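Visitor: following is a predicted model, sequence given first.
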Amino acid sequence: MFLWSQVCSLSPYISSLHLIDELMELTAQSLSRLEINDHFNIIKEIGRGKYGKVLLVTHRCRGTPMALKVMPKASTKLQGFLREYCISLHLSCHPCIVGLFGIAFQSEEHYGFAQELVIGKDLFAVIQPRVGIPEGAVKRCVLQIASALEFIHEHGLVHRDVKPENILLLDRHCCRVKLADFGLTQKRGTLIRLISGTLPYMAPELCAMAVEPGERRPRAEPLSVEPSLDTWAFGVLIFCILTGYFPWERCTTSDDFYQEFADWCQSPAKAATPSQWKRFTPAALEMFSRLLAVDASHRCTVGEVEAYINVDWVRTVPPGELVGDDGMVKATSTLTSTLNSHYIRYIYTHSSPPADTESHGCNSVRETCSKSRGPVAVEMNVRMDMTNDRCDFEYCMIAGQPPGIFTG
Ligand SMILES: Nc1ncnc2c1ncn2[C@@H]1O[C@H](COP(=O)(O)OP(=O)(O)OP(=O)(O)O)[C@@H](O)[C@H]1O
Ligand SMILES: [Mg+2]
């Protein structure tokens, strides 16, 4: 027997998908034909993506500023345009999703629709390379995007393009942010048979659908589009904005950074924490391991990040931990290490240097410090010169001595 309560619990999901189909049909019938310049004053181009460009315009009659997304007809299918517009319109009532004016049109050469103008930059533009953005701003952003994604998922849809370029800021500090770009959004359960390239935000099961050079078909079975794809991208996004770099290039076995992470997830007790993850607190690592569960069926929902909002994500080493009241470096057993391709920062005890010291070509640093000064605690910034495989370390802290410059 099918209970009415079951119908009600399914209905927002089903009615939402039904409504989008209906909206698409109605929009197709009434899509107005106009030339952009006749109706809008073009002020400038404010953004460009793979599929179109976004123009800052004012409405000729009313003077209202708007962001006009225009896509060339030559490379855009009408159905694809209608789907993006109708899904955007359907979701635009959420406070953390970009608003729409309900204006869609076709010109001689373009399809277009008018969006709320978001005057700040996009999130990508404010990430300091290799530094990221402050943890407080990250958390404000994370809460708002999680809420937007939950809303999308409740409507039976999957965004499929969660990345910093698609998060628009109303202010530099991420007090108000909005998710944009529904160009890749699909209904949950849609089957993907292959993709043509990979991005660092793509989940391993999606990367498996990519065709390798020389191959004609992917090796994997068709993949059902599920909210867990957004959960993965959201996890990668959080890593990127906290650190200013990608955790890996793509989730395939040929990517050492990904493989190291996947091995560690499988047996965290046995494998050492990969170096680029050591900067995070145990709570943050737990959050990442749930967002980035390699097996999609074990992945948490985006909303579950809320449980981690009130704990620190990035380890901090208070200056007092390294330098005592007398201004001299104290002995410490702090052991952290972070790595990206150009820059390494180590804090370690002489007796237990990071396991990856040698693998990153910093053996000389450890040797020099231990032989010449016999440090108990050392903090140093090591700059990797990737061109000739040299390490220059700039800053060294030695127990019982004032912190000082030490060049090896
Ligand atoms: N409403 C808006 N207000 C201000 N800037 C915007 C707005 N919408 C988009 N932009 C800017 O334009 C850029 C491109 O827009 P959008 O992501 O919609 O295009 P796209 O071609 O679908 O991109 P992608 O390559 O991600 O698929 C965004 O990254 C952002 O910087
Ligand atoms: Mg985009």
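Guide: The structure has been received and is ready for your questions. Ligands and ions are numbered 1, 2, ... in the order given.
Visitor: pLDDT score for residue 5?
Guide: As predicted, residue 5 sits at a pLDDT of 47.
Visitor: ok so residue 112 is a strand residue?
Guide: Yes - counting by DSSP: H, G, I helix; E, B strand; the rest coil, residue 112 is found in a strand.
Visitor: so it touches residue 72, yeah?
Guide: No - counting by C-beta atoms under 8 Å, residue 112 sits too far from residue 72 to count as a contact (10.2 Å). C-beta coordinates here come from the backbone N, C-alpha and C atoms, glycine included.
Visitor: who has more neighbours out of these two?
Guide: Counting neighbours by other C-beta atoms under 10 Å for residue 112 and for residue 72 shows that residue 112 has the greater number, 24 against 12.
Visitor: ok, residue 26 - how many residues close by?
Guide: 12.
Visitor: show me the contacts for residue 229.
Guide: 158, 160, 202-203, 205-206, 296 (C-beta atoms under 8 Å, 6 or more residues apart in numbering).
Visitor: now with 6 Å, please.
Guide: By C-beta atoms under 6 Å, 6 or more residues apart in numbering, residue 229 lies in contact with 158, 203.
Visitor: so how far is residue 122 from it?
Guide: From residue 229 over to residue 122 the distance is 21 Å, taken as C-beta to C-beta, to the nearest Å.
Visitor: residue 80 now?
Guide: 22 Å.
Visitor: so those two - more neighbours on which side?
Guide: residue 122 (21 against 15).
Visitor: surely that one and residue 165 touch.
Guide: Yes - when contacts are counted by C-beta atoms under 6 Å, residue 122 is listed as touching residue 165 (5.4 Å).
Visitor: could I get the phi/psi values of residue 298?
Guide: phi -100, psi 0 (degrees, to the nearest 10).
Visitor: next up, the contacts around the closest residue to ligand 2 within the stretch 151-300 of the chain.
Guide: Here the residue of the stretch 151-300 of the chain nearest ligand 2 is residue 181; by C-beta to the ion that distance is 3.8 Å. Applying C-beta under 6 Å, 6+ apart, we find residue 181 in contact with 161, 166.
Visitor: what ranges does the stretch 1-150 of the chain have for its strands?
Guide: 32-33, 40-48, 53-59, 65-72, 100-106, 110-115 (DSSP state E, counting those that start in this stretch).
Visitor: helices or strands next to the third one in the packing?
Guide: Packing partners of strand 53-59 (3 or more C-beta pairs under 6 Å, 6 or more residues apart in numbering; DSSP states H and E): strand 40-48, strand 65-72.
Visitor: same thing but at 8 Å, please
Guide: helix 36-39, strand 40-48, strand 65-72 (3 or more C-beta pairs under 8 Å, 6 or more residues apart in numbering; DSSP states H and E).
Visitor: and the longest one, by the same measure?
Guide: In this structure, strand 40-48 makes packing contacts with strand 53-59, strand 65-72, judged by 3+ C-beta pairs under 8 Å, 6+ apart.
Visitor: residues of the protein that sit close to ligand 2?
Guide: 49, 166, 181 (C-beta under 5 Å from the ion).
Visitor: just curious, which of those residues is nearest to residue 19?
Guide: Within those, the smallest distance to residue 19 is 20.7 Å, found for residue 181 (C-beta to C-beta).
Visitor: measure that closest one to ligand 1 for me?
Guide: Applying C-beta to the nearest ligand atom, to the nearest Å, the value for residue 181 to ligand 1 is 4 Å.
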